[in-house]
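Student: quick check, what structure comes out for this input:
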Amino acid sequence: MDIKKEDFNEKIKTCLQNEPSFCTAVCPFHLDIHDFIPKMQRGRFNAAYRTYLNAVAFPNIVSELCHEPCKKVCPRSSKDEAVNMKLLEKASIKFARNLEPNSYNMPSKNKKIAIIGAGISGLSCALRLASKKYDVTVFEKTGRIGGYLWNLLESEIFLNDIKRQFKNEKYTLCLNKEIINLEELEEFDAVYVATGKDGSDFGLKRNFNGAFASNIPGIFMGGMLCGKNIIESIADGLYAVNAIERYIKTGNMNQEEEKNDTKIKINTDFITEAEPVLPSDDGTYTSESAVEEAKRCLRCSCDACIKHCDLMKYYGKYPKRIGEEVHITVHPGTLDGNGTVATRLISTCNQCGLCKDVCPERIDTGEYLLQSHRAMREKGAMPWAFHDFWLRDMEFANGEKSALCKIPKGFAKSKYAFFPGCQLGASDYRYVIKSYEYLLKQNPDTAIMLNCCGAPAEWAGDEPIHRGVVETIRNHWLSTGKPTVIFACTTCRQMFNKYLPEINGIFLYEIMENGNINIDCANANEKASVFDPCTSRDEPALQNSVRALSSKAGFELEPLSHEGKYAKCCSWGGQVSVANPSYTKEVVKARLSQSINPYIAYCSNCRDIFASSGKKVYHILDIVFNLNDSDRKPPTFTERRKNRVLLKQKIIKDIFNEEIMEQKDSKTKLIIEEELKDKLSSEMILETEIEEVIEHCEREGRKVLDGGSGHFIGHLKIGTMTYWVEYDVCGDHCFTLYNAYAHRMSIEES
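Tutor: Sure, this is the predicted structure:
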């Protein structure tokens, strides 16, 4: 699927990043929960109070009378109990150091606003207008302010709150002044009618055309007069200010539609139960309990991509921002930028597909990055070093020494063909040998196809190479009689589904589960956790088969936080370790932190990556065939290549009983300590490359003697990389290696 920039831009418009949380949406004041709650969680009560005050205008009144619509929409209620926002709001007032309102030194505005009614809706409108320095006059037909509040609260509570909030503001209050006709207010630039329940509407309701506004220019109305409850009436007064200001500035009476809902969706699978914090005997929270209750808040937002996608979490960027930066990079000059801002970001995606699966709008940022990678590669703008090693490794896997496509003797075509992938045999050639022997017992005509599926070329954005690999596989499949392919690697299956959809397939482990295979595991009754590779996300039958085999072996399985349809990448996907090594380390660290149990992996890359970090981990084939324990050291990259060569030789010789061409070993013998071997592998330097450099240095005499160490130092450019070695001669064609490294610079020889 080719995602163009325009297509992605259209899709990105559906991103729900800026949608309000559930409680914010239904709150009459739209209290910003993402501002209020973090302050409460840190015990910053004064700052939290300011957020609350700015939203509600009269904090004491609102915290007493709020009807708590937020409780009905809190996702926590599906797990335990809704967050007690009302008590948290009261706690922000109770523990704030300073309850006094802010004083704003602003110039007076030469506009006069009349407010009819000194109930709480009219007063909230007056307060907000006065703070903006409008000339405000409030007309009240009775002799007191507060309106319906006298029926709901002790007068001391609301009168003190009103007095405090108006402390720094000037306005004119006309008590015992009933407005009979709106024509009395012709001198005013705008009027807000808030006469309360059953109050005079001056005939406005007949002409009411939306929130606050009538069809009479400059006349607005709200509150209990419009059927609102007491809290909604306060909010009406505050939001009417926006409508009034818009009219004064533009003469426009059209109102922005008030948004009281949200499109965000919360996956309750990831909500951890947290018991509600109980208030003290007086019905309020202590400062400590307020903090604990605030920590129960999920701070709901549409951030599933940030929470679950390693790349977006690492960079702290949503799809829209990624799209903008990638476009600048792929098309420099179209926007401000130098065209390299997102080169590394493009090359960091693991291509696990989780971003699309967790997004309510199915925005596929990973596919967009893959196509962008391809575009950068076609332009020659993608650093070759990011994927050079992996492309060369794929070339070796598909080369004469490693690749094989063969039908057992006596058969013209095969019903099945085993495609183990290039990494399974590289990890341990016995994984493939034992599996193939098992499959031959089930179906003696099963062919073997030793190839790389082409994923490294796709991830590198190299379409011509990838196309060639796909065609080779298709030809092998045709030559073996269009068999059903048996996969051991979920990435291979994913590549086939995408580029070779005509080929039917099944997983090795599904066959084993259904074939009643005998398992004699030496580690029965051990606790472990199955680690699903990210490319198994859409393969529930496979996931169940691996768990069934593990249970049959006697393992007590404990689930991981991310598994099944939420499986995350081990860091191998996209082969991003060269482009962004720090990101790779963070991903591995996150995967290992899920459990202290040994893992059972059915992707050899997952197994070897975790083993490299010291994690106890089995491959499922270790268990099925009783091959290795959980602390087997992963092979180096040099050993991986040797395993591939050995695998092909053993299949030809031991399974097909055919003679093989003897491989001529290099005359050069290297003595390398294990620690240095690990270093070379971590830097993706092969021992065969070291041999070539030393042979060149010895043959051409291109070496220098380090007087301090007594070691020889030399270099050679192989392909696009320059390799340096530090070594000593210890015999005929025998050398001790002390150090080696590689870089992209070329050395100018004189």
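
Student: make it CA atoms for all contacts and neighbour counts henceforth
Tutor: Noted.

Student: for the protein, give me the ranges with low pLDDT.
Tutor: 1-6, 206-214, 255-258, 333-339, 521-524, 662-663, 746, 748-750 (pLDDT under 70).

Student: in it, which residue is most central in space?
Tutor: Centroid-nearest residue in the chain, with Cα atoms, centre = their mean: C309, separated by 1.9 Å.

Student: now that one, nearest residue through space, not along the chain?
Tutor: Excluding the flanking residues, the one nearest C309 by Cα to Cα, 6 or more residues apart in numbering is C355, at 5.7 Å.

Student: before we move on, back to that, how far away is the residue nearest to the centre of the chain from G366?
Tutor: When distance is defined by Cα to Cα, to the nearest Å, C309 is 10 Å away from G366.

Student: G731 too?
Tutor: Using Cα to Cα, G731 is found at 53 Å from G366.

Student: find residues that contact each of C309 and G366.
Tutor: Shared contacts of C309 and G366 (Cα atoms under 8 Å, 6 or more residues apart in numbering): C355.

Student: I'd like to know how many residues surround G380.
Tutor: Residues within reach of G380, counting by other Cα atoms under 10 Å, total 10.

Student: try K132
Tutor: By other Cα under 10 Å, neighbour count at K132 equals 17.

Student: tell me the secondary structure at N98.
Tutor: The assignment at N98 comes out as coil when based on DSSP: H, G, I helix; E, B strand; the rest coil.

Student: what values do phi and psi take at it?
Tutor: phi -140, psi 110 (degrees, to the nearest 10).

Student: I figured it hits N46, correct?
Tutor: Yes - counting by Cα atoms under 8 Å, N98 touches N46, with 6.8 Å between them.

Student: which one's more surrounded, G731 and G366?
Tutor: G366 (21 against 9).

Student: the more buried one - nearest residue in space that isn't next to it in sequence?
Tutor: Q351 (5.6 Å).

Student: from E367, how far out is the one you found?
Tutor: Counting by Cα to Cα, the separation of Q351 from E367 is 7 Å.

Student: and for E395?
Tutor: According to Cα to Cα, E395 and E367 sit 25 Å apart.

Student: can you check F29 too?
Tutor: 40 Å.

Student: give the contact list for Q494.
Tutor: Counted by Cα under 8 Å, 6+ apart, Q494 has contacts T535.

Student: state the phi and psi torsions of it.
Tutor: Backbone dihedrals for Q494, given as degrees, to the nearest 10, come out at phi -60, psi -40.

Student: for the residue lying closest to T636 once chain neighbours are set aside, what are its contacts?
Tutor: Closest residue to T636 apart from its sequence neighbours, by Cα to Cα, 6+ apart: S681 at 5.3 Å. Counting by Cα under 8 Å, 6+ apart, S681 touches T636, F637, T638.

Student: on the three-state scheme, S681 is what?
Tutor: Of the three states, S681 takes helix under three-state DSSP.

Student: before we move on, back to that, tell me which of N98 and N46 has more neighbours.
Tutor: Legend: neighbour count by other Cα under 10 Å for N98 and N46, higher for N46 (19 against 12).

Student: all helices of the stretch 651-750 of the chain, in order?
Tutor: Using DSSP state H, counting those that start in this stretch, the helices found in the stretch 651-750 of the chain span residues 674-682, 687-700.

Student: out of those, which gets nearest to S551?
Tutor: Of all those, helix 674-682 sits nearest to S551, with 34.3 Å by Cα to Cα.

Student: can you check what angle separates the closest one from helix 687-700?
Tutor: Helix 674-682 and helix 687-700 meet at an angle of 100 degrees, taking axes from the mean of the first three to the mean of the last three Cα atoms, to 10 degrees as the criterion.

Student: buried stuff in helix 674-682?
Tutor: K677, D678, L680, S681 (16 or more other Cα atoms under 10 Å).

Student: just to revisit the earlier point, compare Q351 and E367 (neighbour count), which wins?
Tutor: Legend: neighbour count by other Cα under 10 Å for Q351 and E367, higher for Q351 (24 against 20).
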